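# sharing a model prediction with you, sequence too.
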Amino acid sequence: MPGWQALHETYEDKGFSVVTVALDTDPGQARPWIEAASPTHRSLIDPSHITDELFGFNNVPMAVWIDESGTLVRPAESASIESSPLRGAPIPDDLPAPVRELIGEARQIPDIAAQYRAALVNWIEHGASSPYAMLPDEVIEASLPRHQSHSEAAANFELGVELLGRHGKQAAQPYWRAAHALDPDNWTYKRQAWTMETTVEGEPSDLFQGPTDVYEGSWLGDVKAMGGGVNYITKPDFVAD
Amino acid sequence: MVCMIVKDKHVSASEFGSRTGWELKPQGLCKGDMCVPAPNVANSQGLIDVMAAAERLNMAVVTDPATAISAIGPEAMGHSLTTAVAPELELADVDGIPFKLSSLHGRKVLLVAWASW
């Protein structure tokens, strides 16, 4: 959040705005992060993850670029403008083995921050003539797949959110399990559900995320199953291997 | 955008449009520059038969039997984007103040999804 806010401040006089959307079914979990960043950019809450359906996000952080005419010039892809300071820090020996393993996988996630920021700034300054701005057909073609199973997963996820609000967590669980099975590539559905089970009341959202008794899988287990953190993100095509 | 339906199998065309992004036009249901022919989805009062429209647009429908609440998924047409025209996005901030993405027309926008988890 502080990074996106700083980007907004730096370039808002050049006709550029940042909009951040928190995919948090419990908005109270996002509030401390938002208040700490004191955003002057638009900082929104998306309890039902509708931006997944509208733009094709399936994890965070991801972003789209929209030009002055309201046309997408890049589809949903992983976004980062600052490297995590945790990347280089040593992993303390006294942490439990699964936590050490999780940090190890997280460090394998490709660091795209420098290339992403450079590409974004190039577009802010050069607009349609930037090599990073895609044409409409290219944007559609590069957007993530959407088949019947994805649509069914989205409907199950949102039905779960609705039932959660009316009848509590247990009412949501069968629909969220269905969403996970139908669209296992969607991390926002999985991470939202896992963290809701493992977060202690009144505490920040749990980042360890499973395993739980309620849902299959866990962040660490699912990342390992996909071949490790190196495969975790939707890398923009301008990021070198 | 997903459409929540509470026992209501017909909605106005404007409600369907604002919830799904698909507008009823003479040539059918349209989103951005894409249109899908949709004969017989609107009745004589101009109300849209949600189930018929969902079928035309290849949207999944999931119903909770205990509450009879249904949710409709987004159109499944091969890619998550069917048009490069940015959809309208209406969400509130943490204090409940509403915002429309279209209000930033004329500016470049980076729309970033993040989460506390």
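Alright, I've got the coordinates.
# quick one: stretch A:43-61 near chain B?
Yes: looking at stretch A:43-61 against chain B by Cβ under 8 Å from any Cβ of the partner chain, the contacts come from A:43-46, A:48, A:50-57, A:60-61. No exception for glycine: its C-beta is placed from N, CA and C like everyone else's.
# show me the contacts for the residue of chain B most remote from its centre.
Residue farthest from the centre of chain B, counting by Cα atoms, centre = their mean, is residue B:117 at 26.8 Å. For residue B:117, the contacting residues are A:24, A:29, A:191, A:192, A:194, A:195, A:199, A:205, A:206, A:207, A:209, by Cβ atoms under 8 Å, 6 or more residues apart in numbering or on different chains.
# what do you get for residue A:47?
Contacts for residue A:47 (Cβ under 8 Å, 6+ apart) come out as A:24, A:25, A:26, A:27, A:161.
# the first one: what's it in contact with?
Contact analysis of residue A:24 by Cβ under 8 Å, 6+ apart lists A:30, A:45, A:46, A:47, A:192, A:205, B:115, B:116, B:117.
# once you drop chain neighbours, what's closest to it?
residue A:30 (4.2 Å; Cβ to Cβ, 6 or more residues apart in numbering or on different chains).
# now the helix or strand harbouring that neighbour: buried residues?
Taking DSSP states H and E as the criterion, residue A:30 maps to helix A:27-37. For helix A:27-37, burial by neighbour count (16 or more other Cβ atoms under 10 Å in any protein chain shown) applies to A:27, A:29, A:30, A:31, A:33, A:34, A:37.
# same check, this time on stretch A:190-209
By 16+ other Cβ under 10 Å, the buried positions in stretch A:190-209 come out as A:190-199, A:205-206, A:208-209.
# so which residues of the chain form strands?
Assuming you mean chain A. All strands of chain A, identified by DSSP state E, fall at A:16-22, A:42-45, A:62-66, A:72-78, A:145-146.
# my question was about chain B, not that one.
B:3-6, B:10-12, B:23-25, B:28-31, B:34-36, B:47-49, B:59-64, B:69-75, B:78-79, B:90-93, B:98-100, B:108-114.
# for residue A:11, find the nearest of those.
Residue A:11 sits nearest to strand B:108-114 of all the strands of chain B, at 8.4 Å, using Cβ to Cβ.
# touching the closest one from outside, list them.
For strand B:108-114, contacts defined as Cβ under 8 Å, 6+ apart pick out A:1, A:4, A:7, A:15-23, A:46, A:51-52, A:55, A:57, A:60-68, A:79, A:120, A:123-124, A:127, A:188, B:89, B:101.
# just the buried subset of those, written out for ChimeraX, thanks.
Selection of the buried residues among the contacts of strand B:108-114 in ChimeraX, burial being defined by 16+ other Cβ under 10 Å:
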select /A:1,4,7,16,17,18,19,20,21,22,23,46,51,52,55,57,60,61,62,63,64,65,66,67,79,120,123,124,188 /B:89,101
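# for residue B:40, what are phi and psi?
Main-chain torsions, residue B:40, degrees, to the nearest 10: phi 70, psi 20.
# neighbours around the residue nearest to it when sequence neighbours are not counted, how many?
Closest residue to residue B:40 apart from its sequence neighbours, by Cβ to Cβ, 6+ apart: residue B:52 at 6.6 Å. For residue B:52, the neighbour count with other Cβ atoms under 10 Å in any protein chain shown is 17.
# low-confidence ranges, chain B, go.
Within chain B, the ranges that satisfy pLDDT under 70 run B:1-7.
# residues in contact with residue B:87?
Residue B:87 makes contact with A:54, A:55, B:1, B:21, B:31, B:32, B:101, according to Cβ under 8 Å, 6+ apart.
# which phi and psi does it have?
phi -70, psi 160.
# please apply the same query to residue A:81.
With angles defined as degrees, to the nearest 10, residue A:81 shows backbone torsions of phi -120, psi 0.
# isn't it right next to residue A:119, touching?
No: with contact defined as Cβ atoms under 8 Å, residue A:81 does not reach residue A:119; the gap is 10.2 Å.
# give me the residue at the spatial middle of chain B.
Central residue of chain B (Cα atoms, centre = their mean): residue B:20, at 0.4 Å.
# is it true that that one touches residue B:72?
Yes: using Cβ under 8 Å, residue B:20 makes contact with residue B:72 at a distance of 7.3 Å.
# can you lay out the buried residues of stretch A:190-209 as a markdown table showing distance to residue A:219?
What follows is the buried residues of stretch A:190-209, written out as a markdown table (distance: Cβ to Cβ, whole Å):
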| residue | distance to residue A:219 |
| --- | --- |
| A:190 | 8 |
| A:191 | 7 |
| A:192 | 12 |
| A:193 | 11 |
| A:194 | 7 |
| A:195 | 9 |
| A:196 | 13 |
| A:197 | 12 |
| A:198 | 10 |
| A:199 | 13 |
| A:205 | 12 |
| A:206 | 10 |
| A:208 | 7 |
| A:209 | 4 |
